[in-house]
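Engineer: generate coordinates for the sequence data below:
(chains A, B and C)
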Amino acid sequence: MNVLEVRSLTKRFGTEQAVDGLGFELAEGSATALIGPNGAGKTTTLSMLAGLLEATTGDIQRKKNLSIGFLPQYPRFFPWLSALEFTEMAAKLSGVDSKKARQQAERTLGFVGLGQVANKKIGGFSGGMKQRLGLAQAMVHQPSLLLLDEPISSLDPTGRREVMELLKSLLGQTTILYSTHILNDAEEMTDQLLFLQNGRLVEHGSLNQVRSRYADPQIRIRFENTNAAERFVHESPWPAAVQGTAAIIAVKAEGPIMQDVFRYLSVKSLPVVGVEQETASLEDIFLKVVAGK
Amino acid sequence: MMDERTILLVLPILVLQFALMIFALVDLIKNPNPNGPKWMWAAIIVLLNIIGPILYFVIGRRNY
Amino acid sequence: MKQFSTLLLKEWRENLRNYKIFWIPVVFILLGVTEPLSNYYLPQILDATGGLPDGAVIELPDPEPEQLLVAVMGQFQLIGMLVLVLAYMGSIAGERRNGTATLLYVRPLSYASYFLSKWLMASIVALISVWAGFLAGYYYTAVLFSAVPFGEFLAFAVTYSLWMVLVVSLVLFASAAMPNAGLAAGLTLTVLLVLQLVDGLFGSRWKWSPLKLPNYAASFLDIGPDATALIWTLAISLVCLIALAALGIWFSKRNRAKTKV
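Structural biologist: Residues are numbered from 1 along each chain as shown, chains lettered A, B, ... in the order given. This is a model prediction of the structure:
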């Protein structure tokens, strides 16, 4: 069951093609990560889905009576309202019953870790607190779809972890579509990946699907210094590349396996620190996708 | 020359002017990001009667 | 309706916490009392500044109290209106520009409630200001000179209030239509200036015009305005008011995509 289906969605600003023929679906209760370089059209896409922008052409099918929560990348608040006043207003404007709105706002603020400062003016909030408040206003009316534009990018590592856990706890009842450039986090919470570049969907699928398409496993040999890595790359019989003080060998069908590498290293007197086989991270895939198309 | 009536009539105005000044100063102190240096606005508010606080509220305040 | 009360509460808190509800009336009160006071003390002021040769006796005719109230209105027409325009030029355009509107616009927002809540709050502040200023002026005139008949004063203030509400509607409409607060103020002031100029130059050819509201207000202190002319002017003003509100609502909705995300 899909909560949202997008067909050949296009947005032009003057002559600039911000989003170009986008199509995807969001399954109920799933998490979808929208990734891509700056200016790929992520924010424009989310704004259209949130109903802030009209699409130039194309079609967004929302499930009937779909309620949406939206967190912009840089949420901006009325500084003269307290966190509780703002969240309560957000709930009421989203149709929550007046009597329940305050209660729900209090609970949500506690949930995002702002319970202690609920009655403080937003004007005095730090960037991280505003990000959490942004999350609170997006989910206070318990929407079935959350659209989050870079929800964790501006948080410190602890905050990131907490917010990720919090979002994960929502999955199931809530469908989440979020953009991010922190790919480690995307790896952790994603049922579907959407790679955007120049407004086009250049790659999509589950993490495993995408990985199997791009992920040539590789062997990383770490040396004590760059010199050694360079010597290895020059002298070894396999195509390899230097990366810092390490040499990387792509493992292809005709390429070497671990044992070949060990055998080779045992006869050479190179200052090896470690050898490991790794599958490509989302970051590697990202770089390949961006470079490839 | 300042008879009692004059004082009674002028006093409320002085009080209001003072109140306006205090509103503006309190707001300026709490304002994290006024449109220009704080000391400048403080001087404008205190030195320019009526006009100073208005200028601050309209131009200097920025909606913080 | 529920959204309206929610948004009105927000506007109320904003006007309270940025002191608009205090400082704007204070400005109007000061404008209201300055006129009678400076007229009363003018001889002494001239004397004290020593602008006259020794022995010269200052003989100024006492101004009519009606003239003083009309002069107060003149202050409102200039400084008062400017203050209101500058105070409310950013109501909508400013919210869009600084991005605070985004978190409202992503909700199933009633733009009628959005616009009208702002309109009502700004009108309330404008009315409090006008009445506080006029009453202060009335009182000081009565104490220093003589009292204007209160009934005439009421008719004068009520008629002028409608004009101020019209000005507020124009500012809010401009704030909804224009991309930023400065342009909104520019549009409002230009419209007011041009229309007043036109009415001043050719106004003798017609009697029905919202721009004549201040004149008709003033004439309540004199012989009273022509009843049919006043009624038609009130009717046209009301139509203008509704048209400005309707256009304001329409522009608020149309320009929602211009909010900073």
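
Engineer: now A:Val261: phi and psi?
Structural biologist: phi -70, psi -40 (degrees, to the nearest 10).

Engineer: number of nearby residues for the residue nearest to it when sequence neighbours are not counted?
Structural biologist: In space, A:Val261 comes closest to A:Ile219 once its chain neighbours are excluded; the distance is 5.8 Å by C-beta to C-beta, 6 or more residues apart in numbering or on different chains. The C-beta positions use only the backbone N, C-alpha and C, and glycine is treated the same way. Number of residues near A:Ile219 (other C-beta atoms under 10 Å in any protein chain shown) recorded here: 22.

Engineer: just the pLDDT for A:Ile219.
Structural biologist: Looking at A:Ile219, its pLDDT is 85.

Engineer: isn't it up against A:Met258?
Structural biologist: Yes. The criterion here is C-beta atoms under 8 Å, and A:Ile219 meets it with A:Met258 at 6.6 Å.

Engineer: in chain B, what residue lies closest to chain C?
Structural biologist: Chain C sits closest to B:Val58 of chain B, with a gap of 4.5 Å, by C-beta to the nearest C-beta.

Engineer: centroid-nearest residue for chain B?
Structural biologist: The centroid of chain B falls nearest to B:Met21 when counting by C-alpha atoms, centre = their mean (2.3 Å).

Engineer: for that one, pull up the helix or strand it's in.
Structural biologist: Taking DSSP states H and E as the definition, B:Met21 sits inside helix B:4-30.

Engineer: now do A:Glu283
Structural biologist: Judged by DSSP H and E, A:Glu283 forms part of helix A:282-292.

Engineer: need the residues of the stretch 101-250 of chain A near chain B, please.
Structural biologist: For the stretch 101-250 of chain A, the residues in contact with chain B (C-beta under 8 Å from any C-beta of the partner chain) are A:123-124.

Engineer: which residue does the stretch 101-250 of chain A bring closest to chain C?
Structural biologist: Counting by C-beta to the nearest C-beta, the stretch 101-250 of chain A gets nearest chain C through A:Gln137, at 5.9 Å.

Engineer: rewinding a little: pull the CA atoms of the helix holding A:Glu283 into CSV?
Structural biologist: Taking C-alpha atoms only, helix A:282-292 is exported to CSV below (Å, rounded to 0.1, in the frame of the first residue of the first chain):
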residue,chain,number,x,y,z
LEU,A,282,27.0,4.2,0.5
GLU,A,283,29.5,7.0,0.2
ASP,A,284,31.5,5.1,-2.5
ILE,A,285,28.3,4.3,-4.3
PHE,A,286,27.2,7.9,-4.1
LEU,A,287,30.5,9.0,-5.6
LYS,A,288,30.2,6.5,-8.4
VAL,A,289,26.6,7.4,-9.1
VAL,A,290,27.4,11.0,-9.2
ALA,A,291,30.5,10.6,-11.3
GLY,A,292,28.9,7.9,-13.6
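
Engineer: please identify the buried residues of that helix?
Structural biologist: Across helix A:282-292, burial judged by 16 or more other C-beta atoms under 10 Å in any protein chain shown covers A:282, A:284-286, A:288-290.

Engineer: what's in contact with stretch A:201-212?
Structural biologist: Identification of contacts with stretch A:201-212 by C-beta atoms under 8 Å, 6 or more residues apart in numbering or on different chains yields A:21-24, A:187, A:190-196, A:213, A:279-280, A:282, A:285, A:289, A:293.

Engineer: out of those residues, list just those in helices.
Structural biologist: The helices, defined by DSSP state H, take in A:187, A:213, A:282, A:285, A:289 from these.

Engineer: farthest pair in these?
Structural biologist: By the measure C-beta to C-beta, A:Glu187 and A:Arg213 form the most distant pair in the ones in helices among the contacts of stretch A:201-212, at 15.4 Å.

Engineer: chain C contacts on chain B?
Structural biologist: So far as C-beta under 8 Å from any C-beta goes, chain B lies against chain C at B:1, B:6, B:9-10, B:12-13, B:16-17, B:19-20, B:23-24, B:27, B:50, B:53-54, B:57-58, B:61, B:63.

Engineer: just give the number of residues close to the nearest residue to A:Phe125 once chain neighbours are set aside.
Structural biologist: Spatial nearest neighbour of A:Phe125, chain neighbours left out: A:Leu133 (6.7 Å); criterion: C-beta to C-beta, 6+ apart. When neighbours are defined as other C-beta under 10 Å, A:Leu133 has 26 of them.

Engineer: quick check: phi and psi at A:Leu133.
Structural biologist: Backbone geometry at A:Leu133, expressed as degrees, to the nearest 10, gives phi -60, psi -40.

Engineer: what do A:Ile219 and A:Met258 both touch?
Structural biologist: With C-beta under 8 Å, 6+ apart, A:Ile219 and A:Met258 have common neighbours A:275, A:277.

Engineer: what residues of stretch C:127-141 count as buried?
Structural biologist: C:127, C:129-134, C:136-141.

Engineer: okay, the residues you listed in JSON lines with secondary structure, pLDDT and distance to C:Val239 next?
Structural biologist: Listed next are these as JSON lines, based on DSSP: H, G, I helix; E, B strand; the rest coil; pLDDT from 0 to 100; distance: C-beta to C-beta, whole Å:
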{"residue": "C:Leu127", "secondary structure": "helix", "pLDDT": "98", "distance to C:Val239": "20"}
{"residue": "C:Ser129", "secondary structure": "helix", "pLDDT": "98", "distance to C:Val239": "25"}
{"residue": "C:Val130", "secondary structure": "helix", "pLDDT": "98", "distance to C:Val239": "22"}
{"residue": "C:Trp131", "secondary structure": "helix", "pLDDT": "98", "distance to C:Val239": "25"}
{"residue": "C:Ala132", "secondary structure": "helix", "pLDDT": "97", "distance to C:Val239": "29"}
{"residue": "C:Gly133", "secondary structure": "helix", "pLDDT": "97", "distance to C:Val239": "27"}
{"residue": "C:Phe134", "secondary structure": "helix", "pLDDT": "97", "distance to C:Val239": "26"}
{"residue": "C:Ala136", "secondary structure": "helix", "pLDDT": "95", "distance to C:Val239": "33"}
{"residue": "C:Gly137", "secondary structure": "helix", "pLDDT": "95", "distance to C:Val239": "31"}
{"residue": "C:Tyr138", "secondary structure": "helix", "pLDDT": "95", "distance to C:Val239": "31"}
{"residue": "C:Tyr139", "secondary structure": "helix", "pLDDT": "93", "distance to C:Val239": "35"}
{"residue": "C:Tyr140", "secondary structure": "helix", "pLDDT": "93", "distance to C:Val239": "36"}
{"residue": "C:Thr141", "secondary structure": "helix", "pLDDT": "93", "distance to C:Val239": "34"}
